[in-house]
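sequence and computational prediction follow.
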Amino acid sequence: MKAMMLTGIRQIEMREMPTPEIIHDTDVLIRMKSVGVCGSDLHYFTTGRIGTQVVKFPFTLGHEGAGIVDKVGKSVKKIKPGDRVAIDPAMPCGQCSQCKAGRPHTCHNLKFLGCPGQANGCLSEYIVMPEHTCIKMADTLSFEEACISEPLAIGVYAVLQSIPMKNVSIGILGFGPIGMSIMLPAIAWGAGNVYVTDKINSRLQIAKQAGAAWAGNPDHEDVVGEIRQSEPLLLDAVFECCGKQEAMNQAVELVKPGGKIIIVGIPEFDNWSFNAHEIRRKEITIQNIRRQNNCTEKALEMIEKREINAGLFVTHRFSFHETHKAFKLVSNYEDGVMKAMINM
């Protein structure tokens, strides 16, 4: 089979690889149909690492995927050949203390698609996954929509970990796919005014189209001043979605006393900085988000029921052979890209 492999910084090549085989009785062989390009993929593409997770080249990226079941192990019960499935990229052990505490997303032995040292990604013609990671899709869903369930699950989890959404005012700093993945379920669950910032104006237009009360570019506007004019009591919760220190500074200014900052963005630096006196005086709670925790099926259900329009995400499409072109476009934020999708 063919796989797209990261062979160096900003270098992706098509390589011929052995087709993976079913080894365990619970394994499922999937023929990939669509793969989304994620921000974490870009960290590996542009820097070769996320924190202590360092790529050993060559390595196959990709974890937002959907495909068709080709073969199944003899113990597989819920999935059969020919089924169309969305893929949950997380493979927890189910036995460690974190798994038993209901936190499989922080499993001590976690394997995750496209994560160095854990598992090769799904930018290949075939992959093998455990049955429990394969979620059967409704016939009404496209493979692209199924791929969106993965980043959307992070947003669903982040909103669930924040505060009750009914009639609250929230900020989303950074409106890429993760920012959108937070805004859409927040609005679906009753959020009041949603304030969005991003440095790409086309993304701000998408935010307004999707229901944001206000959207502004921090390169050209005093976003804190603008939002404070509309919300003099400040915001109930602020989601940091871009991994930038200046956004964190704005979050501290924008959240009201007793409010919550939810960190979802992945920074390329090692240490955040906070105004100690401000977060103390306001008694701000800071919540980190680590991927998703059993929220992929919920995200897929919201798409299936059309509670969320997954079509808002995908702005660019590429063939499998154009994978490097897709990564280059997204990493350079070209052409107003929101989400690039690679279709096999």
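Looks like it arrived, so ask away. Note that the structure is predicted; figures quoted are calculated from it, not measured.

please count neighbours and contacts with C-alpha atoms only from this point.
Will do.

in the top helix by length along the chain, which residues are buried?
Identified as the longest helix of the chain according to DSSP state H is helix 143-161. Neighbour-count burial for helix 143-161, counted by 16 or more other CA atoms under 10 Å, picks out 143-160.

starting from that helix, tell me the next helix or strand along the chain.
Per DSSP states H and E, the first helix or strand lying C-terminal to helix 143-161 is strand 170-173.

packing partners of that next one?
Counting contacts by 3 or more CA pairs under 8 Å, 6 or more residues apart in numbering; DSSP states H and E, strand 170-173 packs against helix 177-188, strand 194-197, strand 235-240, helix 245-254.

now the element after the second one, going C-ward?
So the one you mean is strand 194-197. On the C-terminal side of strand 194-197, the closest following helix or strand by DSSP H and E is helix 201-210.

how far off centre is that next one?
Chain-centre distance of helix 201-210: 18 Å, with CA atoms, centre = their mean, to the nearest Å.

next, the angle from it to helix 177-188.
Helix 201-210 and helix 177-188 meet at an angle of 20 degrees, taking axes from the mean of the first three to the mean of the last three CA atoms, to 10 degrees as the criterion.

using PDB, list the CA coordinates for helix 201-210.
In PDB, the C-alpha atoms belonging to helix 201-210 read as follows (Å, rounded to 0.1, in the frame of the first residue of the first chain):
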ATOM      1  CA  ASN A 201     -10.300  37.700   8.300                       C
ATOM      2  CA  SER A 202     -12.000  35.000   6.200                       C
ATOM      3  CA  ARG A 203     -12.300  32.900   9.400                       C
ATOM      4  CA  LEU A 204     -14.000  35.800  11.100                       C
ATOM      5  CA  GLN A 205     -16.600  35.900   8.400                       C
ATOM      6  CA  ILE A 206     -17.200  32.100   9.000                       C
ATOM      7  CA  ALA A 207     -17.600  32.800  12.700                       C
ATOM      8  CA  LYS A 208     -20.200  35.500  12.000                       C
ATOM      9  CA  GLN A 209     -22.000  33.200   9.600                       C
ATOM     10  CA  ALA A 210     -22.000  30.400  12.300                       C
END
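
other residues contacting that helix?
For helix 201-210, contacts defined as CA atoms under 8 Å, 6 or more residues apart in numbering pick out 175-176, 180, 184, 196-198, 214-217, 312, 336-338.

whichever of these end up buried, select them in PyMOL.
Here is the PyMOL command that selects the buried residues among the contacts of helix 201-210 (16+ other CA under 10 Å):
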select buried, resi 175+176+180+184+196+197+198+214+215+216+217+337+338
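
out of the contacts of helix 201-210, who's nearest residue 20?
residue 338 (31.8 Å; CA to CA).

list the contacts of the nearest residue to residue 179 once chain neighbours are set aside.
Spatial nearest neighbour of residue 179, chain neighbours left out: residue 241 (5.8 Å); criterion: CA to CA, 6 or more residues apart in numbering. Going by CA under 8 Å, 6+ apart, residue 241 touches 172, 173, 174, 175, 176, 178, 179, 263, 264, 265, 266.
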